[in-house]
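Asks: task: produce atomic coordinates for the following.
(one chain, ligands or ions: 1)
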Amino acid sequence: MNYYELATKRESTRSFKKKPVLDRQLSELKNYFGECRRLLPEIKTEIQILGAEAYRNLTGCAGYHSFMIEAPHYLLITSSPSDHYLENAGYIGEDLVMKLTEMELESCWITLTNTSEMKMRLSIPEDMEPAALIAFGNATTMLPSSRLDIKSVSDIIIKKRTGFVATKLEVDHAVYTDTWGESAGISALPINSSLYQAFIAACCAPSFLNLQSYRFMLDKDKVLMVTLPDDLTTSSDSRLNAGIAMLHFAGTMENHHASKGGWVLGAPEKQYDIPEGASIDGYYAI
Ligand SMILES: Cc1cc2nc3c(=O)[nH]c(=O)nc-3n(C[C@H](O)[C@H](O)[C@H](O)COP(=O)(O)O)c2cc1C
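Replies: Below is the predicted model:
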């Protein structure tokens, strides 16, 4: 898959046709799960494709302000709750979103607000946790699709699209040198270089409320991902966000050249001066 192209093309859709997608597309998606990218392949993960009835079944358990998105299908990732299982679920979920985008299907991540209730309603086995939920299908063509206009958590407006696109982190504000706050000047790199494309792809990643509360540091041959404290994003959604952005970065880099070990989760030995409350989610050797 061309991750740079898919990452820059993808956008959330919240108005879907009721008509289910083709069986052949559902099979392609399920088969892709068997071979998709994983951060921690040793963590047991499973997917379920839920139908339109999940809209009622999950109302109150998922969505901003428990507002579920109506869609013909939902992709649910369940996982064994090992260390970093949510980063892993974010990474896997976003690779499946890339696959959906390649198949010209639309999607939207949905936050999980009550996982214990969800576990009961969906009869999820005791040893597995609901980890990620993504609505998908064909977008409506009758109405213009909608984008969120997020002013604050209590002031979210779903706007008809009129050229409005969720604003994203600019690469020069998102990537620092090994000194926090000092821009690494990524925009000066050739536009077809692996590093330029990988950071652009990471900056296009979907995130909870589009807050993108993370930055990157480029220290010689190492890229660090740093999550910033943010009052609105729960720890679970922060960890999903991190996995999602890591997927955009790694997928794009690895379209150019193979990686030695991909993302390593946690902080490297070297100490970095990062803001209070921020944490290093992982690092990637380029
Ligand atoms: C972890 C996570 C949870 C999300 N939860 C919701 C949600 O419950 N409802 C919703 O409409 N969008 C949700 N989104 C989608 C974001 O609002 C969307 O990605 C963001 O506004 C950026 O827009 P874009 O995806 O078009 O780039 C979620 C995204 C992530 C990554």
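Asks: so which bits of this structure are right by the ligand?
Replies: 11-12, 14, 63-64, 69, 108-111, 148, 166, 206-210, 237, 240-241, 244 (Cβ under 6 Å from any ligand atom). From N, CA and C alone the C-beta is placed, and that goes for glycine too.
Asks: can you rerun that using 8 Å?
Replies: 10-12, 14, 62-64, 67, 69, 90, 108-111, 132, 147-148, 150, 158, 165-166, 168, 204-210, 237, 240-241, 244 (Cβ under 8 Å from any ligand atom).
Asks: go ahead and build a ChimeraX selection from the buried members of these.
Replies: Restricted to buried positions by 16 or more other Cβ atoms under 10 Å, the ChimeraX selection for those reads:
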select :10,11,12,14,62,63,64,69,90,108,109,110,111,132,147,148,150,166,168,204,205,206,207,208,209,210,237,240,241,244
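Asks: in helices only, show me the residues of the chain next to the ligand.
Replies: Assigned to helices by DSSP state H, the following of the residues of the chain next to the ligand qualify: 90, 237, 240-241, 244.
Asks: export those as CSV, with columns for distance to residue 140 and pLDDT.
Replies: Compiled in CSV, these are given as follows (distance: Cβ to Cβ, whole Å; pLDDT from 0 to 100):
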residue, distance to residue 140, pLDDT
90, 27, 98
237, 27, 98
240, 26, 98
241, 27, 98
244, 25, 98
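Asks: now for those, which pair is the farthest apart?
Replies: 237 and 244 (10.1 Å; Cβ to Cβ).
Asks: can you pull out the low-pLDDT segments for this protein?
Replies: For the chain, the stretches with pLDDT under 70 are 142-165.
Asks: was I right to think residue 197 contacts residue 252?
Replies: Yes: at 5.1 Å, residue 197 and residue 252 qualify as touching, with contact defined as Cβ atoms under 8 Å.
Asks: looking at those two, which has the bigger crowd around it?
Replies: The neighbour comparison of residue 197 against residue 252 (other Cβ atoms under 10 Å) goes to residue 252, with 26 against 23.
Asks: got the phi and psi for that one?
Replies: phi -70, psi -50 (degrees, to the nearest 10).
Asks: contacts only, for it.
Replies: 3-4, 7, 194, 197-198, 200-202 (Cβ atoms under 8 Å, 6 or more residues apart in numbering).
Asks: just give me the closest of the residues you listed to residue 181.
Replies: Once Cβ to Cβ is applied, the member of the contacts of residue 252 that ends up nearest residue 181 is residue 202, at 18.3 Å.
Asks: isn't residue 113 up against residue 62?
Replies: Yes: with contact defined as Cβ under 8 Å, residue 113 counts as touching residue 62 (5.9 Å).
Asks: please report the distance of the residue of the stretch 151-286 of the chain found nearest the ligand from residue 27.
Replies: The stretch 151-286 of the chain approaches the ligand most closely through residue 206 (2.9 Å), counting by Cβ to the nearest ligand atom. Per Cβ to Cβ, to the nearest Å, residue 206 is found 25 Å from residue 27.
Asks: same check on residue 73?
Replies: Distance from residue 73 to residue 27, by Cβ to Cβ: 13 Å.
Asks: higher neighbour count, those two?
Replies: Each of residue 73 and residue 27 has its neighbours counted (other Cβ under 10 Å); residue 73 has more, 23 against 10.
Asks: residue contacts, that one?
Replies: 20-21, 26, 49-52, 135-137.
Asks: so who does residue 92 touch?
Replies: 33, 36-39, 45, 77, 132, 243.
Asks: can you list the domains in this structure?
Replies: 3-137, 171-285 (automatic domain parsing).
Asks: as a check, name the ranges of all strands in the protein.
Replies: 45-51, 73-79, 106-110, 129-137, 146-152, 155-160, 175-176, 214-219, 222-227, 263-265, 279-285 (DSSP state E).
Asks: any chance of CSV for those, columns distance to residue 100?
Replies: Shown next, in CSV, are the strands of the chain (distance: least, Cβ to Cβ, whole Å):
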stretch, distance to residue 100
strand 45-51, 11
strand 73-79, 8
strand 106-110, 5
strand 129-137, 5
strand 146-152, 18
strand 155-160, 21
strand 175-176, 28
strand 214-219, 23
strand 222-227, 24
strand 263-265, 22
strand 279-285, 25
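Asks: and which of the contacts of residue 92 is nearest the ligand?
Replies: residue 132 (7.5 Å).
Asks: relative to residue 76, how far out is the closest one?
Replies: Distance from residue 132 to residue 76, by Cβ to Cβ: 7 Å.
Asks: ok, residue 11 next?
Replies: 22 Å.
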